[in-house]
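A.B. asks: Here is a sequence with its predicted model. Questions after.
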Amino acid sequence: MYEVIRLHPDAPAKPTLGARCNGCGVCCASEPCPLGIVASRRTTGACDALTWDGVGTRYRCGLVAEPAAHLPRPLAKIAPLLARAATRYISAGSGCDCDVTVLPSR
C-alpha cells in the first residue's frame, strides 16, 4: 500500500534507519507519535505539530520547540513537561527509527 505525504521541497532526504536525524519530516508526516495524537486529535495522517524551519531548512517537532502553541488549551499549563515527553516519544538523539520507504516523486 502506498501513502502520499507532502513535504517541503527543500526538506533533506530521509536518512537510513538508525542514522542521525536530519529533520526530513517523513516520520511525522506519515503518522503522529502518541503526543502528536493529542496535538492532532487523530491517529493517522500527518502530525499537526510538524513545523517547517525555513532558516534551518528542516522539519522540527512543534511539541518540543513550542509545545503550548500545539496543545489543546487545557494542556498548555503543562507544556514544558509535555515538551520533555515529546523529546522521548520522537526518540530524539537515538537516530532515525522511521522504517517508511520513500520513493521519489514523479
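C.D. replies: Perfect, I can see it now.
A.B. asks: C-alpha from now on. contacts and neighbour counts both.
C.D. replies: Will do.
A.B. asks: Is residue 29 in contact with residue 47, as I believe?
C.D. replies: Yes: using C-alpha atoms under 8 Å, residue 29 makes contact with residue 47 at a distance of 6.1 Å.
A.B. asks: Make sure residue 86 is indeed in a helix.
C.D. replies: Yes: counting by DSSP: H, G, I helix; E, B strand; the rest coil, residue 86 is found in a helix.
A.B. asks: I figured it was touching residue 64, is that so?
C.D. replies: Yes: when contacts are counted by C-alpha under 8 Å, residue 86 is listed as touching residue 64 (6.0 Å).
A.B. asks: So residue 29 and residue 47 - more neighbours on which side?
C.D. replies: The neighbour comparison of residue 29 against residue 47 (other C-alpha atoms under 10 Å) goes to residue 47, with 26 against 20.
A.B. asks: Could you tell me which residues make contact with that one?
C.D. replies: By C-alpha atoms under 8 Å, 6 or more residues apart in numbering, the residues touching residue 47 are 28, 29, 30, 31, 32, 33, 36, 37, 39, 40.
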